[in-house]
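J.: Return atomic coordinates for the entry below.
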Amino acid sequence: MTDVMKQLQAADPVRRADLDAVDAATFTDLRTAIPTDVPDSPAAGPITSPAGPRRHAGRVGRRGAVAIGLAAVLTGGGVAYAAIHAFRGADGEGVSCVSAWDADDGGEHVDAAGPWLTGDPYADCATLLAEQGLPPIDDPVAFAYDGQTFVAPADQVPDGVERLEGSSAVAGAVVELQSSATDLVDGGRSGCRTLAEGVAWAEDEVDRLGLQDWTVTAPELSPGEGATADPGLPCSYVEVHVGDRTVVVTSSDDPAEALASPEIDPVVAALRQQVADRCVTLDEARAVVDDVLTSIDDEFPTTSVTDESARCARVDLAVGGSVQATVYGPATAG
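T.: Purely as a prediction, here's the structure:
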C-alpha cells in the first residue's frame, strides 16, 4: 500500500459522514463493494473481488502478532457482557486511535484505525499503531463518539462522551461471532448454504459461543408475513448486528464465489487443508497462517487467541478491503 493510501485509510474521511438515512444492509453492500486496497503498480492485480454477493435487501497495517487468553476476555459471563454491551461504542466496527484529538474535526484525523482484533481498544490500538511505526498513546482513555470507539490521551477526551469502564469494548465471544460470520475457511462465507441451513449454522454459532441473549432471525422466513426465500438467490448471507444482539440471515448468491480471486483462493485452500481439516495446536495453526499470508501484500494484524477448551485450533479468515486472520486454539491438540 502506498503512503498516500495508508494516510487515507487511517484518516477514514467518510467516517463522519451522515449515513443515518441509509439502512444498514445497503451501507454494508456499499462498503463491501468499494475496494480499499489499490495495487502499487498497474501490473499488480487486486487482492480480492471488489463486489460482494448479490443478496436480498434486509440490513479497515501489515501483519503483526496479537496474543490473548480466551478466559480473560470471556470471564464474567452475562454480567460482564451486559456491561460491555451498554458501552455505546460497541456498536461500531472497530477502533480509532488518536494521539492528538482535534475538537474541530470531531475525530476525522486518526493515527491508526482498524477492525476489532481482541475487543480491547487499548491492546488493539497499541498493535495498530505499532503496525504504522507509531508509539502507543500516552495515558490512553477509550470512549464512545458518534457510535464509534476512540482511544485518545486522557487530557484530550471530549467533554460529555461516554468513557469505557474496564478494558473491553466488545466481548471476546462477540468478536469471534463477527469473525466466524465472515470467515471463508469454514465459517459463514465459506460456501453456499440454503437460507434454512444458514439459520441453523448461525444458531449453532450463537450457542457455541454462549451468547444466550442473542437472537438469530431470517426476515424472509418470518411467520405471519408470508415471506419466502428469493428463488433467484439460492444461498444465504450472515450478518452480525452488535447493537441489536442479532444475527440476520438473508437470501444471497454464493458468498464464497463473490470473494474468490487468484490471490485469495490458494490461501483459503491452504488454511482448510493445513488447519481446518487437521487437529493442530494454536502455535502450529499460527505458523501456517503466517506462512500462507506472505502471499498477501497488505492485511490487518493476525490475532492468536488461547482457547484451552478446544481440542484443535481453528482459523477465521475475513476478506474485504483487506485481509484479517484470527487463530483460536489450545497449546496442546487432541
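
J.: Could you give the separation of stretch 320-334 from the chain centroid?
T.: 13 Å (CA atoms, centre = their mean, to the nearest Å).

J.: for that stretch, how far is the first residue from the last?
T.: End-to-end distance for stretch 320-334: 33 Å, by CA to CA, to the nearest Å.

J.: what about the stretch 51-200 of the chain, any weak spots by pLDDT?
T.: Residue ranges of the stretch 51-200 of the chain with pLDDT under 70: 51-92.

J.: For it, which segments count as strands?
T.: Using DSSP state E, counting those that start in this stretch, the strands found in the stretch 51-200 of the chain span residues 65-69, 94-97, 112-115, 140-145, 148-153, 162-163.

J.: Please identify the deepest-packed of these.
T.: Here the criterion is mean neighbour count by mean count of other CB atoms under 10 Å, and of the strands of the stretch 51-200 of the chain the winner is strand 94-97, at a mean of 26. To be clear about C-beta, it is placed using only N, CA and C from the backbone, and glycine gets the same treatment.

J.: Which other helices and strands does it contact?
T.: When contacts are defined as 3 or more CB pairs under 8 Å, 6 or more residues apart in numbering; DSSP states H and E, strand 94-97 packs onto strand 112-115, helix 121-131, strand 148-153.

J.: Now do it: everything it contacts.
T.: Defining contact as CB atoms under 8 Å, 6 or more residues apart in numbering, one finds that strand 94-97 is touched by 12, 15, 60, 107, 110-116, 121, 124-125, 128-129, 137, 142, 148-152, 169.

J.: leaving aside the residues next to it on the chain, what's closest to residue 150?
T.: Using CB to CB, 6 or more residues apart in numbering and skipping residues adjacent in sequence, the residue nearest residue 150 is residue 96, 5.0 Å away.

J.: From residue 176, how far out is that neighbour?
T.: 22 Å (CB to CB, to the nearest Å).

J.: just residue 301 next, same as before
T.: Per CB to CB, residue 301 is found 16 Å from residue 176.

J.: The two: which is more packed in?
T.: Taking residue 301 and residue 176 together and counting by other CB atoms under 10 Å, residue 176 has the greater number of neighbours (25 against 21).

J.: quick one: contacts for that one?
T.: Contact analysis of residue 176 by CB under 8 Å, 6+ apart lists 209, 305, 316, 326, 328.

J.: Can you say which helix or strand has the second one in it?
T.: Read it as residue 305. strand 302-306 (DSSP states H and E).

J.: Direction included, what does that strand pair up with?
T.: Strand 302-306 has its sheet partners listed here by DSSP bridges as strand 65-69 (parallel), strand 323-329 (parallel).

J.: okay, how far is it across stretch 238-249, tip to tip?
T.: Criterion CA to CA; first-to-last residue distance in stretch 238-249 is 5 Å.

J.: which of the residues in that stretch are buried?
T.: Neighbour-count burial for stretch 238-249 flags 238, 239, 240, 242, 246, 247, 248, 249 (criterion: 16 or more other CB atoms under 10 Å).

J.: One more: stretch 154-165?
T.: In terms of neighbour count (16+ other CB under 10 Å), stretch 154-165 has its buried residues at 156, 157, 164.

J.: And for residue 232, the neighbour number?
T.: Residue 232: 9 neighbours (other CB under 10 Å).

J.: State the pLDDT value of residue 216.
T.: Predicted confidence (pLDDT) for residue 216: 97.

J.: Please consider this matter closed, and thank you.
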